[in-house]
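[1] quick one, what's the 3D model for this:
(one chain, ligands or ions: 1)
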Amino acid sequence: MARCDQGYLCEVCGDEVEDITQSDLYLRYVIGELEARALLTAPERHITCHPFVAQFILDERFPAQTCEGAFHKGSLDDAERQRLEDLYTRGWQRLQVVREQGVPISEYPLEDCRRPRPAADVARD
Ligand SMILES: [Zn+2]
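    Reported below is the predicted structural model:
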């Protein structure tokens, strides 16, 4: 059986990632960082368990997160930090609504983040 009764477990805290609104994997898919097939193969995490990503989400519904150390967003230049805040915040906001709106998974990614389908993808070995 390919399907598991239990949801995907977070590789950081070990708890279940209950739905896509909490999913780091889906968030990164929505912003075009991951290909769709990675949703099936990459390890799952809560967004809140991935501080590098979480620190860029600026929404009053999302608890503010900080990322300590070298990856603190304060160490980025302003333009890059703002670009990532805009991207991750829009991605997170989209993630909150796509499922209830019945959007097909292939259309989850933000319009400006959709990847062209790589033609040579199958050739990789
Ligand atoms: Zn977690």
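
[2] hmm, Arg90 is touching Pro109, no?
    No. Taking CB atoms under 8 Å as the definition, Arg90 is not a contact partner of Pro109, at 10.9 Å. C-beta coordinates here come from the backbone N, C-alpha and C atoms, glycine included.

[3] return every residue with contacts to both of these two.
    Ile31 (CB atoms under 8 Å, 6 or more residues apart in numbering).

[4] more crowded one of the two?
    Pro109 (20 against 17; other CB atoms under 10 Å).

[5] in contact with the more buried one, which residues?
    29-32, 115.

[6] neighbouring contacts of the longest helix seen in the chain?
    Counting residues, the longest helix found in the chain (DSSP state H) is helix 78-95. Applying CB under 8 Å, 6+ apart, the external contacts of helix 78-95 come out as 20-21, 23, 26-28, 30-31, 47, 53, 56-59, 62, 73-74, 76, 108, 110, 113.

[7] repeat that with 7 Å
    Helix 78-95 has contacts (CB atoms under 7 Å, 6 or more residues apart in numbering) with 20-21, 26-27, 30-31, 53, 56-59, 62, 73, 110.

[8] contact partners of the lowest-mean-pLDDT helix or strand in the chain?
    Lowest on mean pLDDT, DSSP states H and E among the helices and strands of the chain sits helix 38-41, with a mean of 91. Contacts with helix 38-41, where a contact means CB under 7 Å, 6+ apart, come from 25-26, 29.

[9] just checking: which of those also lie near the ion?
    Applying CB under 5 Å from the ion to those, one finds that nothing falls near the ion.
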